[in-house]
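**Q** Provided below for reference: sequence and predicted model.
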There are 6 protein chains.
Amino acid sequence: MRDVHVRVVSPIVTRGFRKLADLKALEYPGISLSHAEIATGPGSIESEFEAAMSVPGTLLEIARAEREGVDAVIIDCMGDPGLRPAREISGMVVLGPCQTGMHVASMLGHKFSVITVMRRLIPSFENTAALSGLSSKLASVRSVDIPVLDLEADLAATARRLVEEGRKAVEEDGAEALIFGCTGLMGCAAGLREGLLAEGIDVPVVDPIPTAVSIAAGLVRAGLSQSKTTYPAPPEKELIGYDALHRAMLPQAAE
Amino acid sequence: MRDVHVRVVSPIVTRGFRKLADLKALEYPGISLSHAEIATGPGSIESEFEAAMSVPGTLLEIARAEREGVDAVIIDCMGDPGLRPAREISGMVVLGPCQTGMHVASMLGHKFSVITVMRRLIPSFENTAALSGLSSKLASVRSVDIPVLDLEADLAATARRLVEEGRKAVEEDGAEALIFGCTGLMGCAAGLREGLLAEGIDVPVVDPIPTAVSIAAGLVRAGLSQSKTTYPAPPEKELIGYDALHRAMLPQAAE
Amino acid sequence: MRDVHVRVVSPIVTRGFRKLADLKALEYPGISLSHAEIATGPGSIESEFEAAMSVPGTLLEIARAEREGVDAVIIDCMGDPGLRPAREISGMVVLGPCQTGMHVASMLGHKFSVITVMRRLIPSFENTAALSGLSSKLASVRSVDIPVLDLEADLAATARRLVEEGRKAVEEDGAEALIFGCTGLMGCAAGLREGLLAEGIDVPVVDPIPTAVSIAAGLVRAGLSQSKTTYPAPPEKELIGYDALHRAMLPQAAE
Amino acid sequence: MRDVHVRVVSPIVTRGFRKLADLKALEYPGISLSHAEIATGPGSIESEFEAAMSVPGTLLEIARAEREGVDAVIIDCMGDPGLRPAREISGMVVLGPCQTGMHVASMLGHKFSVITVMRRLIPSFENTAALSGLSSKLASVRSVDIPVLDLEADLAATARRLVEEGRKAVEEDGAEALIFGCTGLMGCAAGLREGLLAEGIDVPVVDPIPTAVSIAAGLVRAGLSQSKTTYPAPPEKELIGYDALHRAMLPQAAE
Amino acid sequence: MRDVHVRVVSPIVTRGFRKLADLKALEYPGISLSHAEIATGPGSIESEFEAAMSVPGTLLEIARAEREGVDAVIIDCMGDPGLRPAREISGMVVLGPCQTGMHVASMLGHKFSVITVMRRLIPSFENTAALSGLSSKLASVRSVDIPVLDLEADLAATARRLVEEGRKAVEEDGAEALIFGCTGLMGCAAGLREGLLAEGIDVPVVDPIPTAVSIAAGLVRAGLSQSKTTYPAPPEKELIGYDALHRAMLPQAAE
Amino acid sequence: MRDVHVRVVSPIVTRGFRKLADLKALEYPGISLSHAEIATGPGSIESEFEAAMSVPGTLLEIARAEREGVDAVIIDCMGDPGLRPAREISGMVVLGPCQTGMHVASMLGHKFSVITVMRRLIPSFENTAALSGLSSKLASVRSVDIPVLDLEADLAATARRLVEEGRKAVEEDGAEALIFGCTGLMGCAAGLREGLLAEGIDVPVVDPIPTAVSIAAGLVRAGLSQSKTTYPAPPEKELIGYDALHRAMLPQAAE
């Protein structure tokens, strides 16, 4: 039985933000990981505008992944940009880390909170919960309110703030599981869990990318993929300005 | 007091689909209407994929409209493509006909149904209702299941099917107001209402574009626009492959 | 095309509370406003009891308005007293400022709060949200807790308290749009918005009466009115003690 | 320990519709029943308009009941007209048969349906469920669609139609308990249950008035009444046109 | 007409925890009370584990009660352990104090809170609200966080903490009725209500066991019991390790 | 890296119902499966009563599994009996196939339906959806209404009925993914999917046990387990009648 091949597609044009070595560290028996970035779109995603502008480039990479025989794709952003159109243009499993993390957190605890880095993203998380049917499981979305550029400048301060908001989510909002609401700082989830344990708070912390990778592999092994009744292939028709994408979507053609 | 200027932006590259004369017929004292189409994107929108691919071109036209001093923009598609990013990049009122029509229908009757043309669009309507908080007001989404190209081929048959599904929505699903769920056949709403009245069924039928135009004008007159806390301007940063849009978004520059 | 004629009906017997000049200031091209008060009922509305006792007098004025050819009526109280029976006895548009304001606020921001003057009204606002299907959009109802008679005594203090509760609604409850929850102090909405802007909080503040007037005019222009399936005319039958109302409801008779 | 005294107040001016003997038949050890009708208002209640017009007269009778030392009042109409204002003006238990019946049905079965006599009342039942927090327990509201005057003309046909709709509620809508949605035909609930049992369908059928009487007595025995935080006494103030009611509400005065 | 006989079944093996005299004090004309404890199971219930382990013993006592001709059983624990299986194996009324208290509190006030003794029980209360359809009526669950063994050690301190959390539930969470969330300290509800009144807070406080007893008697008087469509009798089949229970469930046999 | 060891615990005393060979067929690289049955409890589970009676025996097997170093346990019944207490007494992953299947189905399609074998189980599925926060994703629960003993007697007829109800779930109820709602007929999910594809209906069909196994393995690989804040260990105390279970729960002792 061959390995399940999961590809993480980062929907930004910034190179080196996501390191292949970090993804390789997530591999376990029966699963192999690869990575792709997009060529057109935003440098990072901090708004609905940037999320929307990342979609054409992301769909191109997802179409390429499917032609290369990848089994599952994870869209590497908590806004799950392009999740629904990607599922229309492909038969392989496509998961967004936000929707997936919310379902997993709901399985693990009575209610969950998201700890994120920018207040402006709160409606987006609440919308994903609503579309996933999980509004009643979302205790709160909390933000550390640190400018993105400062996040890595003082990692200790960032970690302290994450633990502080995590604690408030549990003690004030009733969260019993947490989602680390940013794919950028992969690995921070472990630090958040440790920091909370040190304060006597024992809740699982979902790290969205590793979790989505594991769930995607599980779905592939269970022979499941997204519903083609919910996500039927789009009709073939005129599409101006996106030739590369159009070519990549042709089932048989070489690029 | 000058007229309120509302622009209808059709998020498709097909020319002539929306006729300016039809929009001009919607003008009334104190309001003037204009129209724009997009240059890059799909020929029509029948999928989440096409909706997503229409967004960059639509945002470009909305940025242009704001620089031209337009007071409000209506995105001319029931998928409301690009509504949230458009509200981030502009201060003028931006409305989607689907979300607006659902709020209006909820004001008029106890519950409403959407009568649309393709089964595959049903999840999209249910998602818009969920994001608008109106799931409990949505009695059903019903589809006439006629291929788009056949819709205009036999308009009498289309009209009969619309009335048939409208009647079922009222009698079987409990709808007490209807939304005509396609901006393409503007004017069909009136025919649907007449057809139902002829069968003794008296429910308002929301025609999404004229309704959104009137509501947009009302919001402008009331001095209201979308919340800049929900829709803050995106940060300025790298955006590869969308130079025209980037230029149009600059507040001071000439194109 | 003639003007749309909107009448504001104040459901209280106190004269001079609502000034016609204030309503005239809301007129814009294509719309004219008029005003009526009731002859039997309470001096003001601060309870469910007073709201209920205002209904017979209010329905009488609404029946009169329709016979005079008015296009739309706004019931001038955030309890929307008599909204459903009024819609049964008339074909013209009848709106309540609370339900209308909630739908408008939901269109403008992700969630909204109501800032009102008495704690005891909180259940009433939550009930209106529930009946409108908007419970998930209502972030909170906050009250300044100032006795009504003191509200105008120290307007500066009232304004400060409104801003204070508005700020808490945004920062603690997650509101991204506000409704000023009292029709009595029309115009305070603008002051609340200014006061919040001065603290760096940029959210739309819905002033219920001007907003309901604009939306009513928009519905009239779009050819829409409440559903006669939800609000069918009441059967003709005995009604003891309300002769004037009964006469006013007769379609053909002179008063 | 003295008997609990429950009064049924019929909010209509028609005499003889509710027979005291039928109420006396509901008495059991420890409870006594009395009856009142209103002097001003509608002859029967088939619309929101008539429900609203019944409220002033109903409140007068409830104020009188409290002064006479009654322990609990049941408002004798499935629209629960005046329930909230009545609870504001009294300290004794006031129940509406619709809200009470819905809570009881929710305790007895997984979901419940209401079987009523007029389609136009459906929104009213759904609104009561929403205000009671029980929308997810309401499987459906079904109507036999027989004109009121014909209901008693052919009682056998009425009974057959009730059983038919009850069966559909169970088999098609998933109801596992029923509420007989009309206080007028008290006793029909038993017939409906028998008719369904004869078809092999074993579900409890809530008869709203007897059930509300028993629950009211239970609340009195448990020392409970409506919350004075939800239903505080209305402020004393001007009320034009309702002198008798005003007098009845004075705590100390004789009428 | 004979008395209604209600039995309180305490699902724990600890003797003397529930005193018959305290139950006898709840009797009123037309009702008599009895008591039973279980022989196998936990000493007290503070976890889902203990609740589950109490069920076989509880079902045995409920089967015995029915054979003895009891009219209604109350399961004496706020986890309502075994409520659904008990309703399957019996035709008499079976109520849980938590579900019953939540429906009663919802009838009395706009929203309710539960004041309980252990944080770990919060999900259980929220689950009961969800299963009862009452999530939107549950303002909060608050815990005094006092170890069970200390609750009675310093009753004055316990009472102060209960009032403190009750006050916060009303002032911070919007509760307008309270449920005392522990059947162990029966009678504390009255003290909680007095303590809140002393602070000017007038809300009903539901004491779950007396309330469930009164409601059970009311249901019996109204001729109602749980739906046999929701709770059909289990099929007869092999059940290893529970001989006493199996025998008690046989309809005709002597034990 | 060693294999993940997942054990399937069948909560019934019937031997041979679940075959180890069928479970071994689900193994893939990195995962090994084992099986256990219970010694006390029901022969099969068709009621809430039997589900409750299976719990003590099931908890004993789960305590044993943890002491043997198993990584995850699946409770082999769609009622998820004992899921919450099992999570309290163990640190390893414990999943129920119903809750897990519902979250997976929600990830794959817009809405899902459950196709099961007995009408009486419908409330149980709806309750699991409510507790999982997924009521809005549950399109329907449909039953083939074939007595359990006849299910295997005519497998072709059973398969036809499953396809028939699956088709209705998609076409009438709006399901876009299905869950095969019975763990007994493992493998039927594939037949249901094939049968629907033959009728042109392309929806994923979740086979609950294989899916739960894959998801459990994914959670183990992602380092996640149930929240110890939601599921804290029960306090140590008296438990009469369950000595074997008590011993198995002791962390250090030999049995």
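**A** Structure's in. What do you need?

**Q** center of chain A - which residue?
**A** Nearest to the geometric centre of chain A sits A:P97, at 2.6 Å (C-alpha atoms, centre = their mean).

**Q** my guess is that residue meets A:D207, correct?
**A** No - assessed by C-beta atoms under 8 Å, A:P97 is found out of contact with A:D207, at 9.1 Å. (Glycine included, C-beta is placed from N, CA and C.)

**Q** show me which residues of the stretch 1-150 of chain A sit near chain C.
**A** Residues of the stretch 1-150 of chain A found near chain C (C-beta under 8 Å from any C-beta of the partner chain) are A:122-123, A:126-127, A:130, A:135.

**Q** select from those every entry located in helices.
**A** The members of the residues of the stretch 1-150 of chain A next to chain C that map onto helices under DSSP state H are A:122-123, A:126-127, A:130.

**Q** near chain B, which of those residues show up?
**A** Near chain B, by the rule C-beta under 8 Å from any C-beta, you find A:123, A:127, A:130 out of these.

**Q** most neighbours out of the residues you listed, which is it?
**A** Using other C-beta atoms under 10 Å in any protein chain shown as the neighbour criterion, A:P123 leads those with 22 neighbours.

**Q** if we can go back for a sec, closest one of the ones next to chain B among the ones in helices among the residues of the stretch 1-150 of chain A next to chain C to B:E194?
**A** Nearest to B:E194 out of these is A:A130 (C-beta to C-beta; 36.3 Å).

**Q** who touches the nearest residue to the closest one once chain neighbours are set aside in this structure?
**A** Take A:A130 and drop its neighbours on the chain: the residue closest to it by C-beta to C-beta, 6 or more residues apart in numbering or on different chains is B:A130, 5.1 Å away. Contact partners of B:A130, counting by C-beta atoms under 8 Å, 6 or more residues apart in numbering or on different chains, are A:130-131, F:136.

**Q** of those residues, closest to chain D?
**A** F:S136 (9.8 Å; C-beta to the nearest C-beta).

**Q** who's in contact with the nearest residue to that closest one once chain neighbours are set aside?
**A** Using C-beta to C-beta, 6+ apart and skipping the chain neighbours, the partner closest in space to F:S136 is A:G133 (4.5 Å). By C-beta under 8 Å, 6+ apart, A:G133 lies in contact with F:106, F:133-137.

**Q** which pair in the residues you listed spans the largest distance?
**A** The widest separation within those (C-beta to C-beta) is 10.9 Å, between F:S106 and F:S135.

**Q** which one of these two has more residues nearby?
**A** Set F:S106 next to F:S135 and count neighbours by other C-beta under 10 Å: F:S106 wins out with 26 against 17.

**Q** which strand or helix spans the more buried one?
**A** For F:S106, the element it lies in under DSSP states H and E is helix F:97-108.

**Q** so which elements touch that helix?
**A** helix A:97-108, helix A:208-221, strand F:112-116, helix F:122-131, strand F:177-180, strand F:205-206, helix F:208-221 (3 or more C-beta pairs under 8 Å, 6 or more residues apart in numbering or on different chains; DSSP states H and E).

**Q** lowest confidence element among the helices and strands of chain A?
**A** helix A:148-151 (a mean of 71; mean pLDDT, DSSP states H and E).

**Q** that one: what's the following helix or strand?
**A** Taking DSSP H and E, what comes next after helix A:148-151 is helix A:155-171.

**Q** what are the C-alpha coordinates of that next one, in PDB please?
**A** Output of helix A:155-171 as PDB, limited to C-alpha atoms (Å, rounded to 0.1, in the frame of the first residue of the first chain):
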ATOM      1  CA  LEU A 155       8.600  35.600  20.600                       C
ATOM      2  CA  ALA A 156       8.700  35.400  24.400                       C
ATOM      3  CA  ALA A 157       6.200  38.300  24.700                       C
ATOM      4  CA  THR A 158       4.100  36.800  22.000                       C
ATOM      5  CA  ALA A 159       4.000  33.500  23.800                       C
ATOM      6  CA  ARG A 160       3.000  35.200  27.100                       C
ATOM      7  CA  ARG A 161       0.200  37.000  25.400                       C
ATOM      8  CA  LEU A 162      -1.000  33.800  23.800                       C
ATOM      9  CA  VAL A 163      -1.100  32.100  27.100                       C
ATOM     10  CA  GLU A 164      -2.900  35.000  28.700                       C
ATOM     11  CA  GLU A 165      -5.700  35.000  26.100                       C
ATOM     12  CA  GLY A 166      -5.800  31.200  26.200                       C
ATOM     13  CA  ARG A 167      -6.400  31.400  29.900                       C
ATOM     14  CA  LYS A 168      -9.100  34.000  29.600                       C
ATOM     15  CA  ALA A 169     -10.800  31.900  26.900                       C
ATOM     16  CA  VAL A 170     -11.000  29.000  29.300                       C
ATOM     17  CA  GLU A 171     -11.800  30.900  32.500                       C
END
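
**Q** hey, which helix is longest across chain A?
**A** As assigned by DSSP H, the longest helix anywhere in chain A is helix A:48-67.

**Q** what's the mean pLDDT across that one?
**A** The predicted model assigns helix A:48-67 a mean pLDDT of 97.

**Q** what packs against it?
**A** Applying 3+ C-beta pairs under 8 Å, 6+ apart, one finds that helix A:48-67 contacts strand A:4-10, strand A:31-37, strand A:41-42, strand A:72-75, helix A:83-89, helix A:243-249, helix B:48-67, helix B:83-89.

**Q** between it and helix A:122-131, how many degrees?
**A** Inter-element angle recorded for helix A:48-67 and helix A:122-131: 50 degrees (by axes from the mean of the first three to the mean of the last three C-alpha atoms, to 10 degrees).

**Q** chain center to helix A:48-67, what's the gap?
**A** How far helix A:48-67 lies from its chain's middle: 13 Å, per C-alpha atoms, centre = their mean, to the nearest Å.

**Q** what is the neighbour count of the closest residue to A:E66 other than its chain neighbours?
**A** Distances taken as C-beta to C-beta, 6+ apart place A:S90 nearest to A:E66, at 4.7 Å, with adjacent residues excluded. As a burial measure, A:S90 scores 23 neighbours (other C-beta under 10 Å).

**Q** OK, contacts around A:S90?
**A** A:S90 makes contact with A:62-63, A:66, A:73 under the criterion C-beta under 8 Å, 6+ apart.

**Q** report the two of these separated the most.
**A** Counting by C-beta to C-beta, the most remote pair of these is A:A63 and A:V73, 10.1 Å apart.
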